[in-house]
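Student: following is a predicted model, sequence given first.
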Amino acid sequence: MFRNQYDTDVTTWSPTGRLFQVEYAMEAVKQGSAAIGLRSRSHVVLASVNKAQSELSSHQRKIFKVDDHIGVAIAGLTADGRVLSRYMRSESINHSFTYESPLPVGRLVVRLADKAQVCTQRSWKRPYGVGLLVGGLDESGAHLYYNCPSGNYFEYQAFAIGSRSQAAKTYLERRFESFNESSREDLIKDAILAIRETLQGETLKSSLCTVSVLGVDEPFHFLDQESIQKVIDTFEKVPEEEEDGGEAEAEAAAAPTEQGGAGDQDVAPMEM
Amino acid sequence: MTFTIPIDNGDALKNAEADSQRTLYPYVTGTSIVAIKYKDGVLMASDMGGSYGSTLRYKNIERVKAIGKHSLLGASGEISDFQEILRYLDELVLNDNMWDDGNSLGPKEVHNYLTRVMYNRRNKFNPLWNTLVLGGVKNGEIYLGMVSMIGVSFEDNHVATGFGNHLARPILRDEWRADLSFEDGVKLLEKCMRVLLYRDRSAINKLQIAKITEEGVTVSQPYSLKTFWEFQAFHNPTAGAQGSW
């Protein structure tokens, strides 16, 4: 996208019918570190890559609990994400207070989308620069939604946002048809494998990723480092080498496998 | 001995206006509601009377109404406040339906919403002068609860309002079972309603029994209970009294 004379105001249309400020906001989402969501009939897993500004600092929190039955993973301007998470928590708790019943995630997502839309139609505002993967439950089971700075929202079986998310999306596209019937453990494993795809050859360690689960009988919570490492260990016998007789990786055999080696810095990108 | 009562007409006028903005006492009232859980859902009984003080003025008031797909609301107390509550719930159900997303308000949600409304009005010293009974079935779960005009709210297997608390609940405590069939449930409710008919002066002999199950709501046609007045004690009751009028 190039700078042009129609991109200064969010309330200015371009002659081709685009709102450039909104599209630039969506660019901001692509700059953030990756976040991934996948769901089965009964569970939703949200995972993210822990990126830290520098070695001295701690990593940014990208996954937030909204309620026992709703979690959100963000990519983009973390500050905007934090504010929207607070809004979601507020809506959720107000509903719980009045109705003593969990707010259906589908209704929360619509309110979030309407809030984002407002910022695309006021000259004194700017769009939120954050994409949100909202996972939650309602009467019809588990759901995963993606909320966009444009005010659009879509429901997904699995999705990835942020930088190098295309690699994860390719991985998920190969596998998503089986997710509905996946067990909770398989779902978690697929999430971590998808995270690995975005790391582009960097060694997958449990310290690099955050994984959260929620399900029908399982309130939202984070997996601890140990559990994540255990899952990683099932498919990475030696850190630098890739899938080495992992259980369900057989059909991926024809798909890209890297050259294993002592040094992982020279490994080519994973996608075909 | 004379004494003056301080009267400040300015204040009295203001107070009268201020007072007329909030409910001080009820005018047209309904008497008890009795409701029980049974095998397939909830049964709720009420008579069709609306009293204007001690006058049994209205004889065709429906005090039990269906709310959405899953709930039944019965009310005793001020009838106009009940109608106001029905309007609130109408709006609530409408908005819920407008989402059109497969989610719907169940009896628990409606009960809690009503609790919030009643309690908030009570805090503003402008209550809705009702005791409400909310029953329903959703996804196999049978729910029965009550909210009073001061916002006291709870669930139970059998509830009653007004005089029903004193006359019907003891019967229910003794004879209610979780696996009551529909016929047994109706018999039990009729037993309670008969006692209320004999002893509650605001009760009339025209009642409706409403049923809610997973399938939906049915409200019976109004009917009367058989009563028996030929007890010996009622024949010439003043026979032994001396100097009575």
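Tutor: Arrived safely, thanks for sending. Numbers count the residues shown, from 1 in each chain, chains lettered A, B, ... in the order given.
Student: residues in contact with the nearest residue to B:N112 once chain neighbours are set aside?
Tutor: When the adjacent residues along the chain are set aside, B:N112 lies closest to A:E100, with 4.1 Å between them (C-beta to C-beta, 6 or more residues apart in numbering or on different chains). C-betas here are computed from N, CA, C, even on glycine. A:E100 makes contacts with B:108-109, B:112, as judged by C-beta atoms under 8 Å, 6 or more residues apart in numbering or on different chains.
Student: which of those tops the neighbour count?
Tutor: When those are compared by neighbour count (other C-beta atoms under 10 Å in any protein chain shown), B:E109 ends up highest, at 23 neighbours.
Student: quick check: residues of the stretch 1-150 of chain A near chain B?
Tutor: When proximity is defined as C-beta under 8 Å from any C-beta of the partner chain, the stretch 1-150 of chain A approaches chain B at A:97-101, A:104, A:106-107, A:138-140.
Student: going through the residues you listed, which ones are buried?
Tutor: Burial of those was assessed by neighbour count (16 or more other C-beta atoms under 10 Å in any protein chain shown); the buried members are A:99, A:104, A:106-107, A:138.
Student: contacts for the helix or strand that B:D90 is a member of next, please.
Tutor: Taking DSSP states H and E as the criterion, the element that holds B:D90 is helix B:79-99. Among residues not part of helix B:79-99, those counted as contacts by C-beta under 8 Å, 6+ apart are A:106-107, B:23, B:26-30, B:50, B:58, B:61, B:63, B:65, B:67-68, B:73, B:75, B:103-105, B:110, B:113-114, B:117, B:128-130, B:132.
Student: give me the buried positions along that helix.
Tutor: Neighbour-count burial for helix B:79-99, counted by 16+ other C-beta under 10 Å, picks out B:79-82, B:85, B:89, B:92-93, B:96.
Student: mind checking which of the contacts of A:E100 are in helices?
Tutor: Taking DSSP state H, the ones among the contacts of A:E100 that sit in helices are B:108-109, B:112.
Student: got a list of what the closest residue to chain B within the stretch 101-250 of chain A touches?
Tutor: Chain B sits closest to A:P104 of the stretch 101-250 of chain A, with a gap of 4.4 Å, by C-beta to the nearest C-beta. Counting by C-beta under 8 Å, 6+ apart, A:P104 touches A:136, A:138-139, B:101, B:103.
Student: how close does it get to B:G164?
Tutor: A:P104 is 36 Å from B:G164, where distance means C-beta to C-beta, to the nearest Å.
Student: and what of A:V109?
Tutor: When A:V109 is compared with B:G164 (using C-beta to C-beta), they lie 44 Å apart.
Student: what of A:S57?
Tutor: For A:S57, the distance to B:G164 (C-beta to C-beta) stands at 66 Å.
Student: hang on, the earlier thing: ramachandran angles for the residue nearest to B:N112?
Tutor: Torsion angles at A:E100 (phi, psi; degrees, to the nearest 10) stand at phi 50, psi 40.
Student: check which residues of stretch A:106-119 are buried.
Tutor: For stretch A:106-119, using 16+ other C-beta under 10 Å, the buried residues are A:106-110, A:112-113, A:115-116, A:119.
Student: next, format these as CSV and append distance to A:I36.
Tutor: Supplementary listing: the buried residues of stretch A:106-119 in CSV, determined by distance: C-beta to C-beta, whole Å:
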residue, distance to A:I36
A:G106, 21
A:R107, 24
A:L108, 20
A:V109, 18
A:V110, 23
A:L112, 19
A:A113, 21
A:K115, 24
A:A116, 21
A:C119, 26
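Student: out of those residues, which sit inside helices?
Tutor: Within the buried residues of stretch A:106-119, residues falling in helices by DSSP H are A:106-110, A:112-113, A:115-116.
Student: want to throw those into JSON lines with distance to A:Q229 and pLDDT?
Tutor: Below are these laid out as JSON lines (distance: C-beta to C-beta, whole Å; pLDDT from 0 to 100):
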{"residue": "A:G106", "distance to A:Q229": "35", "pLDDT": "94"}
{"residue": "A:R107", "distance to A:Q229": "37", "pLDDT": "96"}
{"residue": "A:L108", "distance to A:Q229": "33", "pLDDT": "97"}
{"residue": "A:V109", "distance to A:Q229": "33", "pLDDT": "97"}
{"residue": "A:V110", "distance to A:Q229": "38", "pLDDT": "96"}
{"residue": "A:L112", "distance to A:Q229": "33", "pLDDT": "97"}
{"residue": "A:A113", "distance to A:Q229": "37", "pLDDT": "97"}
{"residue": "A:K115", "distance to A:Q229": "38", "pLDDT": "97"}
{"residue": "A:A116", "distance to A:Q229": "37", "pLDDT": "96"}
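Student: pretty sure A:D80 sits in a helix.
Tutor: Yes. The assignment for A:D80 by DSSP: H, G, I helix; E, B strand; the rest coil puts it in a helix.
Student: no further queries at this time; thank you.
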